[in-house]
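Chemist: how would this look folded up:
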Amino acid sequence: MSPAVLQDYDRHGGLWVLDPLSGRLSPGPADAFAQPAGERLCHGFVHVLSHGTGGCAALYAESSALWLQYGSHRWNGDEVRVRCDPRPDGTRLLTVTGPGAAPWEAEVPAPDRGPFDPAYDWTDTLADDFFLWVTEQLSDARHRGVLREHYLRGFTPV
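Modeler: Now for the predicted structure:
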């Protein structure tokens with residue numbers, strides 16, 4: 001498995017390199033935005049975890065598959081079911097279930113939505129919440145297929 005170049009889900013212009021085997025994240029190439037657009041391709045998105053053990057969660061394509069990764073845990077997106085259930089204290093329980101394995105769970109914090117905005121809607125909620133976005137994307141076979149193809153080709157980061 002080769003390292004994956006990923007765009008930061010939460011920070012505009014942020015690039016990271018993920019080692020899929022260890023789950024380690026390192027800053028993306030410093031000269032990435034100096035390269036022509038066709039040479040600076042990302043293959044998915046990463047959310048840097050600021051809670052608990054650190055690390056990251058990512059959704060990316062590699063080796064003809066769409067992968068969900070949380071730290072060093074990695075699952076084929078076509079073989080798992082992902083849920084993100086709210087808890088009374090505002091945290092959420094992320095649950096990944098797949099064939100032949102016990103469910104994997106992690107507590108994740110609710111995103112910080114900032115000050116009250118009366119125009120805040122479902123699109124804003126998805127944009128602010130990586131785990132909710134991942135759950136939505138992996139719940140539909142069409143979404144998975146489109147993302148897989150898009151991420152395998154690569155896209156220019158913004």
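Chemist: contacts, neighbours, all on C-alpha from now
Modeler: Will do.
Chemist: tell me the centre residue of this protein?
Modeler: In the chain, the C-alpha nearest the mean C-alpha coordinate belongs to A58, at 3.1 Å (CA atoms, centre = their mean).
Chemist: and it, which helix or strand is it part of?
Modeler: For A58, the host element (DSSP states H and E) is strand 56-62.
Chemist: what's the closest non-adjacent residue to the residue nearest to the centre of the chain?
Modeler: Leaving out its chain neighbours, the residue that sits closest to A58 by CA to CA, 6 or more residues apart in numbering is V46, at 4.2 Å.
Chemist: a strand runs through the one you found, doesn't it?
Modeler: Yes - using DSSP: H, G, I helix; E, B strand; the rest coil, the assignment for V46 is a strand.
Chemist: mind listing the strands for the protein?
Modeler: Ranges of strands in the chain, per DSSP state E, are 4-8, 15-19, 24-27, 44-48, 56-62, 65-70, 73-76, 81-86, 92-97, 104-108.
Chemist: quick one: mean pLDDT over the second one.
Modeler: Taken as a whole, strand 15-19 carries a mean pLDDT of 93.
Chemist: contacts for it?
Modeler: Defining contact as CA atoms under 8 Å, 6 or more residues apart in numbering, one finds that strand 15-19 is touched by 2-8, 24-29, 46, 157.
Chemist: could you pick out the buried ones from those residues?
Modeler: A4, V5, L6, Q7, D8, L25, G28, V46, P157 (16 or more other CA atoms under 10 Å).
Chemist: lowest-confidence helix or strand of this protein?
Modeler: helix 122-128 (a mean of 56; mean pLDDT, DSSP states H and E).
Chemist: kindly provide the distance from L59 to G77.
Modeler: 9 Å (CA to CA, to the nearest Å).
Chemist: understood, closing this out.
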